[in-house]
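Q: The sequence and its predicted three-dimensional model are supplied below.
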Amino acid sequence: MEIDVTGIDLIKFIREVYKLSIPAGLGWIHFTEGELTDEEAKEILDIWKNNKQFALYMDYIKGRACKMTIFKNKDKLYIRSSWFDHTDIQLKKLLKAVWPEDKPFPELKAEEHGISCNCVHCQSKRETKS
């Protein structure tokens, strides 16, 4: 499922994604305390300004596993309804922080086990059968 994020403040969105993300893996080597500035967020956004498929792609930023993509479809912007390596609670918190008041808030389906869940049940579902 996709969420239409057309009309959100992309600078604020980038800063909030960063804020809600933590260092992971080798990201600990590059981890920097503090928040992103508006200027740093604009630099990240500017990388994607001429891309026809993506409005934004954030993988690791200053060591934090952001794992966020905004897709373009004509004049619309979309994100996935699950946020890799983040919980559904974090996704809702992200959207609440950046959602325009004049736009209806998306109906989010709360799931007990998100894409980043590492419980025994979810791990067993991901195992490959040989």
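A: Structure received. Just so you know, these numbers come straight off a predicted model, no measurement behind them.
Q: just checking, Gly25 is part of a strand?
A: No. Checked against DSSP: H, G, I helix; E, B strand; the rest coil, Gly25 lies outside a strand; its state is coil.
Q: mind listing the helices for the chain?
A: 10-19, 27-30, 38-47, 88-98, 120-126 (DSSP state H).
Q: Run the angle between the first one and helix 38-47 for me.
A: Between helix 10-19 and helix 38-47, the angle comes out at 100 degrees (axes from the mean of the first three to the mean of the last three C-alpha atoms, to 10 degrees).
Q: Please shift the residue numbers so they start at 443 in all later answers.
A: With the count now opening at 443, the last piece we talked about shows up as helix 452-461.
Q: centroid residue for the protein?
A: Met510 (3.2 Å; C-alpha atoms, centre = their mean).
Q: how far away is it from Lys567?
A: Distance from Met510 to Lys567, counting by C-beta to C-beta, to the nearest Å: 24 Å. For glycine as for every other residue, the C-beta is placed from the backbone atoms N, C-alpha and C.
Q: returning to what we had before: quick check: beta-bridge partners of the residue nearest to the centre of the chain?
A: Met510 has these beta-bridge partners by DSSP bridges: Met500.
Q: check contacts around Asp501.
A: The neighbourhood of Asp501, defined by C-beta atoms under 8 Å, 6 or more residues apart in numbering, consists of 507-509.
Q: Identify the residues contacting stretch 455-465?
A: 447, 472-473, 477-478, 480, 483, 486-487, 498, 500, 503-510, 512, 527-528, 532, 535-536, 539-540.
Q: filter those to the buried ones?
A: 447, 478, 483, 486-487, 498, 500, 503-510, 512, 527-528, 532, 536, 539-540 (16 or more other C-beta atoms under 10 Å).
Q: For the spatially closest residue to Lys494 that is not a sequence neighbour, the count of nearby residues, please.
A: Setting aside the residues directly before and after it, Lys494 is nearest to Lys514 in space (C-beta to C-beta, 6 or more residues apart in numbering), at 6.7 Å. When neighbours are defined as other C-beta atoms under 10 Å, Lys514 has 16 of them.
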